[in-house]
Each structure stands twice: as C-alpha cells, then as structure tokens.
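Chemist: build the 3D model from these lines:
(chains A and B)
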Amino acid sequence: MLVLIPLLPFAGFVINAFVGRRLSKTVSGGLACLVMVAAFLVAAITGWTVISGGHAIEQTLFTWLPSGDLQIPFALRVDPLATVMILVVTGIGALIHVYSIGYMHEETDGEYARYFSYLNLFASFMLVLVLGANFPVMFIGWEGVGLCSYLLIGFWFRKKPAADAGKKAFVVNRIGDFGFILGMLLLFASFHTLDFQGVALAAAARAPETATFGLMTAATLLLFLGATGKSAQIPLYVWLPDAMEGPTPVSALIHAATMVTAGVYMIARNAVLFSHAPTTLAVVAGIGVATALMAGTIGLVQNDIKRVLAYSTVSQLGYMFLAMGMGAYAAGIFHLYTHAFFKALLFLGSGAVIHALAGEQDLRNMGGLKKALPVTYWTFLTGAIAIAGVPPLSGFFSKDEILFRTFTGTAVNGWNGRPLLWLIGIVTSLLTATYMFRLVFMAFHGERRHDAPAAPVRPEEEEPGAPVPPLPGPVYSDLPAVDRTHGATHASHAHEGAHLHDAPPSMAIPLIVLAIGSIVAGFIGVPHAIWGSNRIETFLDPSFEVSREAAATEPGAPLVDVPPAAEPHEDTGRELTLMAVSTGIAFAGIGIAMYFWLRNRAASDRMARRFAALHRLLLNKYYVDEIYDAAVVQPIRLLSTSGLWKGVDVGIIDGAVNGVGLSVGAGSRGLRRAQTGSVRTYAASLFLGVVLILGWYLWR
Amino acid sequence: MVPLNYYLVLSGVLFAIGTAGVFLRRNLITVLLSIEIMLNAVNLTFVAVGRYLGTVDGQIITFFVMTVAAAEAAVGLALVISLFRHRETLNPDAFTALKW
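Modeler: Numbering: from 1, shown residues only, chains lettered A, B, ... in the order given. Below you'll find the predicted structure:
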C-alpha cells in the first residue's frame, strides 16, 4: 500500500519518458496529473489511518544491502511527520501538475512529455525521501530530487543561463550531499544502525552532549551541511536564486514547496539526535536566522519577480531552520506546511503574470495589472498577505509560533542569544511584508509601464538566448525584447488577443485552491493562547520523540527524556503580546511598501540614491557569487588547469605514455645497426650461436 | 673392415671444408657447392652409422636428404641466375640492400 505512493508517479514517469513522444499533450499531461491525484488519494487514505490509528505504518519491501552487519532493508514508514509531508508533496504537487498543463502548452509534444516525465520522477523521488525509514533509502530520494532539480532547472537547456543554473544547482547540492554521506557513515560507525528509529533510540540512550564538539555534534553538523545544500541556507544557498531559470511551475513545486524543505524535514526526522547535540542546534538556529535576514534584505531590491520570490523562499527556509535550532520542530514543520501553500501560490501567480506578459519578468516593466488579471491579482494578494503574517491567514500562525518559541525557549547549552534571534526574526518579518507588498504594488498597482526605460540590467539577465522574433502585436511592440524562451513561445500567443489574458482555467483553478489553502491552512495550528488547540503540534510531537513501543522492545535502552517540546502555557499574556507585536510588524511592513511603492515612488528612488552603496550591495546580492567565484571557483580552475591538466595529465600521464614510445624508438635506432644486410654476417652469427649452444651442452 | 671412426672423421673434415667454403668463398655458385659438400658429409655419417648399427634407417634418411638437396640446388641456382641478371655479379657481399 505504502509503496504505491511513490510508485504511481514513477509509473507516470516511465510512460511519459518512453512513449510520451508519441502521445498527444492532453494524454501525457492528463496522465501525469492523474497519477499525482491517485498518489494524493492513497496518501490521504494512509494519512487518515495514521491520524485515526495514531501509530506509524511500516512496510519493508526487500533487503536492499545485506553486507555483514550492515543490513539495509528497503523500508518505508509513515508517521505523523511523514504524513504531513506526503500530503503536502502529493497535494500541492498535483495542483502544480494541473497548472503546468496550461503553463507549458506552448511546448512541442515531445518537450511537453519530457517536462511531465521529469515532474513525475521528481514527485516519486521526493516521496521516497519522505517515506524512507532509514538513511540510505532517504538518500535515494535525496539524490533523486537533486537530479530532477538539475533536469528541470535546465529544462530549456538550449538557453545558456538555464543550463548553467542547472549545473550550479547540481554542483552546490553535491557539496552538501558529501556532508550528508559523511554524517551517515559516522552514525553507522558509532551506532551500528541507519534506521531512523534505531538512531533515535541509540541517541536517546546517551546524555545530551555537553562537549563543544562530540560525536553526535560532528555527525549532526555533517548532516546539517547536507541540509544547507538542499534547503538553500548559508553558505550553500547560491543555487536557488539562479534556479529561477527553470519553468515557473518547477520553481513553485521544487524550489518553494517541496524539495527545498528536504533539509528541514531531515532535521525534524532526526529530532532526537539533534536534540542531543546542543552545539549543532545553536549553529542551525544561527545559520537559519542569518540566512533569513540576508535573503530578506536582498529580496527588497531585486527587480526580477521570480528572484524576489526565490530570496523570499530562502528567507522563509531560514525561519524553519531557526525553529529547528530552537528545538521547536513542530513549529518548523508547521511553517513548512503553510509556506508550501502560499509560496506555491505566489510562484504560480507570478507564473500567470509572466504568462500574460509574454515572458516579461522585470517588475519595472509591469504595473497596473490588477484590472487585466483579476484572478491572478486576488489570489496573489492572498498569498502576499499570508506570507506577510497578517492574522488570521496561515502564515501568521506558523511564523508567530516560531518567533514565540524563539523568544521563550530555554537557553541552549548555557548560550542565551534568544532575544537577539527573536529580534532578527522580527526584522526579517518586517522585511518579508515589505518586499512582498513591494512586489504586489509594483506588479499590479499603478500605471502600466511597458515603455519604462530598461535600466541597466545585470549581466545574467541579458544573456542573449534564443533569438526572439520581433513582435508585431499592437500592445507588445514596445516591450523590450525579453530573451526568455518562454517569452518567445508565448509571444505569438499573447498578441492574438491583443489584450492581456488572465490565467486559463487549468491555471486559475490551482491558484484558487491554493489561495483558499493559504487562508485556512493555519487553523490546524491555532495556539492555545487564543483558544485554539494547536492540533498539528499534538499530532506531530510523537515523531520527535523516541517511540514508546520501539523503546519498550529494547530493554537495554533507558529512556532519557528529550527536551520537552510542549511548553507550559502559563505565559499566555506574553504570547499575546508577541502576537500583537508581530501583527503590528506585518502591517508596518505593508505600510512601508505602500508609502514607497504606491503613494510616493519618487521617495523610493531617493532612498536608493541616498544609500547608493548599500543599494548596490543589495542589488548585487552582497557579491556572494563573486566572492565564491574568486575564493572557490577560480582556485579550483587554476589548480585544474595548470596543476592537474598541464602538470599531472600532460606532464606525468602523457609523459609516461610518450616516454615509453620515445625510448623504444631510440633503442631501435641503435639496434638496427646490427641489421647489416650481409648474408655472410648472418650466417656467421648463426654458426657462432650453434657452436655456443652445442658447446654449452657438451662441456657443461 | 674400416672402423666407424674413420668415417666420422672423414665426415667431420668434409663438413668443416663445406662450412669454410660457405663463409669464405666470394662466389654464390661455390657457396652452393659448399652447402652440397656439407649435406654429403652428413649423408656419409648417416650411412656409416646405419651400417654400424645394422639398420636401414640411415640409408632411408640419406635418400630423403638427396631429394631435398636436389630441390635446393634447383631453387638455389634459379635464384643465382636471377640475382646475376640484376647485378652482373655473384659476390654475396654485393647483395646488402636488405638492411635498415
């Protein structure tokens, strides 16, 4: 039963990959959506079993790696945590599949099938990642989603930036995976098991590590390195903004809602282990909050609609890691779940805008789209309100829960930086509201600015891609040519109607469903302070503790209490105050955005000029790409070129091969003098040889 | 009856003469003749030893050798004629084209 969940999308992948070329778009797209909906139904039934039964379901398919004391079964397990994840992956995934039918309809049949086969393969791997009951099975999915991410970012691989972005994502992810593998090996070496429950049990049997750098700290830090790669945290976040070169639904599915949450999920999955390594937790929280702030500030000035959302994603993932670092696993997963709704919604909404504008992605060339795209506008606005943290939409509950936990939790390992973390979190929250509403106001309000002077665009945005034919349409003739393949394919479509077209039904329905989801998704986590019951937390908590049954079966392992996940509820007053603060912050952010980008555009330009250096720093993303290029890429290139290539390869390897040839040649040149051509010499040497051999036998 | 050793010594002497002829003479026809002498020295040994042991094996082998020697002389002389047509000489030292 359980295996059906990843197997259904995989079947879709197989069919679309092998015969998709010969199927019509309706069939291949419909098939892809159908398997996802079917997977969602199976996941829902499974989820219902878990919710009503209250215990994990497990299925072992076969022994995958039987090797000495390393016995790895291919086992899947659904517990409350995995339930939330499979519902998010299949549910949001299915919606995005449906949306893709409309968004990708300009592609040729073969490309269309290729797109859907990748999408299905991705969903399949993601579900393996989530359902895996031990590290190696999770690692299959972990690598698989990385592969699909590469394939989908580089889907328009004829365009150089897209191919480069795909490669960058893959390479950066590999660095993280390296940490993941090492962490996994270290865990196996010390605990002799790779099953998640086994590891949790073994970890629980030890006291939390007080040493700054103990065994569990090392292992968890290595695992966290893997998480930073997959979940785009400092220092490995650089691939995600570039990943926006992929089709927009891909950004929504992989780079907002599902794959990037894999790191958060992995930490939550090993909550017991991480809880026993306080140093790691502090690192996780620090990295998370730093990433949140950094990405938030960058998002404030970016002009590409998808890049703003990309940095927003990085920032929100930072929040989730903050929650993980605070030991508030349920709050982090709750935010992951609500974020999946509104970030998918925002990405799909931006996709609808890009679709309507024939591939235009620059915010400066938008504006006034509110009238023309009502469905997109209202759904996008819902998403923006949700992410800004306005009650009672979903983002408010989850973000507030994280901030509250950050503020009130106990000091970790004698280190108490919580008020500071909280403060940064609040500032990031302000930034979130500001940049989201900047996006809304610049794109949808004001006047249409399609003849805005294209300000100096950053180099990577003006890559000469596929040649774009000149657009004869009356409205679009003055659009600056946008070198996006999507733009080129949509251009012909857009000028047929001679006016902006709102999202077609296949795109509008997912938008509306997600908008409703963004509004109501938070209600399963209403905190006790405002008369809720925080059901998601009660539901999830068993996943973050050593399961009682598992502990009972191993008499040798005494139960050491995990740091309590549920906090005492006496400080309701404080929680309400904090809620009021964050609500106020959200409105303040919206207000700032309204002042600068709606009422008084000149003021924002003045600000940009006044703080020109800062503005440039942010616009160039703190020059992190340049720093990485100088610090990592160029030295490696130098080493490879002059060291490995010209030195080792040409000098030693080629030298050895050529040297053998040369010395044989030189030897032969000397030896051939013996070949005189004189028959008598040959006969003499023959005779001499015979005499010598006979002599040897006679006088031996 | 003449002892076996006499035959063997004669045979050895003949073989030595033939070998010396092969190495020292500057005429290809003489070299061929010297080879014939060497073959006949061996034939003499075969026949003598065959007689000494009272078997006919030595005589049979001698007939074989004579057959082969006849064929060899035919081929050898043909080659000599062919070489002479090329170079107008029969000195083996003149034919050293087949070298490095």
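Chemist: phi, psi of the residue in chain A positioned nearest to chain B?
Modeler: Across chain A, the shortest distance to chain B (Cβ to the nearest Cβ) belongs to residue A:677, at 3.1 Å. C-betas here are computed from N, CA, C, even on glycine. When read as degrees, to the nearest 10, the backbone of residue A:677 gives phi 90, psi -10.
Chemist: OK, contacts around the residue lying closest to it once chain neighbours are set aside?
Modeler: Counting by Cβ to Cβ, 6 or more residues apart in numbering or on different chains, residue B:99 is the residue found nearest to residue A:677 once chain neighbours are left out, at 3.1 Å. Residue B:99 makes contact with A:675, A:676, A:677, A:678, according to Cβ atoms under 8 Å, 6 or more residues apart in numbering or on different chains.
Chemist: one more time with 7 Å
Modeler: Counting by Cβ atoms under 7 Å, 6 or more residues apart in numbering or on different chains, residue B:99 touches A:675, A:676, A:677.
Chemist: quick one: pLDDT of it?
Modeler: The model reports residue B:99 with a pLDDT of 75.
Chemist: kindly report the same for residue A:506.
Modeler: 88.
Chemist: average pLDDT for the strand or helix carrying residue A:125, rounded please.
Modeler: Assigned by DSSP states H and E, residue A:125 falls within helix A:109-131. In this model, helix A:109-131 has a mean pLDDT of 93.
Chemist: so which elements touch that helix?
Modeler: helix A:4-19, helix A:25-53, strand A:70-78, helix A:80-103, helix A:135-153 (3 or more Cβ pairs under 7 Å, 6 or more residues apart in numbering or on different chains; DSSP states H and E).
Chemist: near chain A, which residues of chain B show up?
Modeler: Within chain B, the positions near chain A by Cβ under 7 Å from any Cβ of the partner chain are B:22, B:23, B:92, B:93, B:95, B:96, B:97, B:98, B:99, B:100.
Chemist: can you do 10 Å?
Modeler: Within chain B, the residues that sit near chain A (Cβ under 10 Å from any Cβ of the partner chain) are B:19, B:22-26, B:28, B:31, B:92-100.
Chemist: which of the residues you listed count as buried?
Modeler: Neighbour-count burial (16 or more other Cβ atoms under 10 Å in any protein chain shown) is assigned, among those, to B:19, B:22, B:25, B:28, B:31, B:92, B:95.
Chemist: what's the most distant pair in those residues?
Modeler: By the measure Cβ to Cβ, B:19 and B:95 form the most distant pair in those, at 20.3 Å.
Chemist: which elements pack onto the longest helix anywhere in chain B?
Modeler: Counting residues, the longest helix in chain B under DSSP state H turns out to be helix B:57-87. Contact analysis of helix B:57-87 by 3 or more Cβ pairs under 10 Å, 6 or more residues apart in numbering or on different chains; DSSP states H and E lists helix B:28-53 as its packing neighbours.
Chemist: what's the angle between the helix it packs on and helix B:57-87?
Modeler: Angle, helix B:28-53 to helix B:57-87, by axes from the mean of the first three to the mean of the last three Cα atoms, to 10 degrees: 180 degrees.
Chemist: which residue does chain B have closest to chain A?
Modeler: residue B:99 (3.1 Å).
Chemist: flag the shaky bits of the stretch 351-500 of chain A, pLDDT-wise.
Modeler: Low-confidence regions of the stretch 351-500 of chain A, defined by pLDDT under 70, span residues A:410-416, A:450-499.
Chemist: near chain B, which residues of the stretch 401-550 of chain A are found?
Modeler: Residues of the stretch 401-550 of chain A lying near chain B (Cβ under 10 Å from any Cβ): none found.
Chemist: so where do the helices sit in the stretch 401-550 of chain A?
Modeler: Per DSSP state H, counting those that start in this stretch, the stretch 401-550 of chain A carries helices over the ranges A:418-444, A:485-497, A:505-520, A:535-540, A:548-553.
Chemist: just say which of these is most tucked in.
Modeler: Highest mean neighbour count of the helices of the stretch 401-550 of chain A: helix A:418-444, a mean of 23 (counted as mean count of other Cβ atoms under 10 Å in any protein chain shown).
Chemist: could you check how far the closest residue in space to residue A:623 that isn't next to it in sequence is from residue A:237?
Modeler: Leaving aside its sequence neighbours, residue A:623 sits nearest to residue A:617 (Cβ to Cβ, 6+ apart; 7.3 Å). Plainly put, residue A:617 is 17 Å away from residue A:237 if you go by Cβ to Cβ, to the nearest Å.
Chemist: name the residue in those two with the higher neighbour count.
Modeler: Neighbour count, other Cβ atoms under 10 Å in any protein chain shown: between residue A:617 and residue A:237, residue A:237 has more, with 26 against 15.
Chemist: so where does the more buried one fall, helix or strand?
Modeler: Short version, using DSSP H and E: residue A:237 is in no helix or strand.
Chemist: wait, isn't it in contact with residue A:321?
Modeler: No: taking contacts as Cβ atoms under 10 Å, residue A:237 lies outside contact range of residue A:321: 11.1 Å.
Chemist: need the overlap of contacts for those two.
Modeler: A:228, A:231, A:287, A:291 (Cβ atoms under 10 Å, 6 or more residues apart in numbering or on different chains).
Chemist: shaky segments in chain B?
Modeler: In chain B (pLDDT under 70), the answer is B:100.
Chemist: swap in 90 and give it another go.
Modeler: Applying pLDDT under 90 to chain B picks out residues B:1-3, B:22-26, B:86-100.
Chemist: same deal with the stretch 151-300 of chain A?
Modeler: Across the stretch 151-300 of chain A, the ranges flagged by pLDDT under 90 are A:189-193, A:197, A:201-217, A:234-235, A:254-258, A:275-282, A:300.
Chemist: which residues does the closest residue to residue A:393 other than its chain neighbours contact?
Modeler: Leaving aside its chain neighbours, residue A:393 sits nearest to residue A:386 (4.1 Å; criterion: Cβ to Cβ, 6+ apart). By Cβ under 10 Å, 6+ apart, the contact set of residue A:386 is A:338-339, A:341-343, A:345-346, A:393-399, A:436, A:514-515, A:517-519, A:521-522.
Chemist: near chain B, which residues of chain A?
Modeler: Residues of chain A lying near chain B (Cβ under 10 Å from any Cβ): A:668-669, A:671-681, A:683-684, A:687.
Chemist: list phi and psi for residue A:67.
Modeler: According to degrees, to the nearest 10, residue A:67 has phi -150, psi 100.
Chemist: quickly list what it is bridged to.
Modeler: residue A:70 (DSSP bridges).
Chemist: contacts only, for the spatially most central residue of chain A.
Modeler: In chain A, the C-alpha nearest the mean C-alpha coordinate belongs to residue A:260, at 2.5 Å (Cα atoms, centre = their mean). For residue A:260, the contacting residues are A:145, A:149, A:230-233, A:237, A:240, A:243, A:254, A:310, A:313-314, A:316-317, A:320, A:336, A:339, A:343, by Cβ under 10 Å, 6+ apart.
Chemist: apart from its chain neighbours, what residue comes closest to it?
Modeler: residue A:231 (5.1 Å).
Chemist: that neighbour and residue A:317 touch, don't they?
Modeler: Yes: under the criterion of Cβ under 10 Å, residue A:231 makes contact with residue A:317 at 5.1 Å.
Chemist: distance of residue A:599 from residue A:431?
Modeler: According to Cβ to Cβ, residue A:599 stands 20 Å off from residue A:431.
Chemist: and residue 96, what does it touch?
Modeler: Answering for chain A, as no chain was given. A:33, A:36, A:103, A:119, A:123, A:248-254, A:256-258, A:344, A:347-348, A:351, A:510, A:514.
Chemist: can you look at chain B instead?
Modeler: A:676, A:677, A:678, A:679, A:680, A:681.
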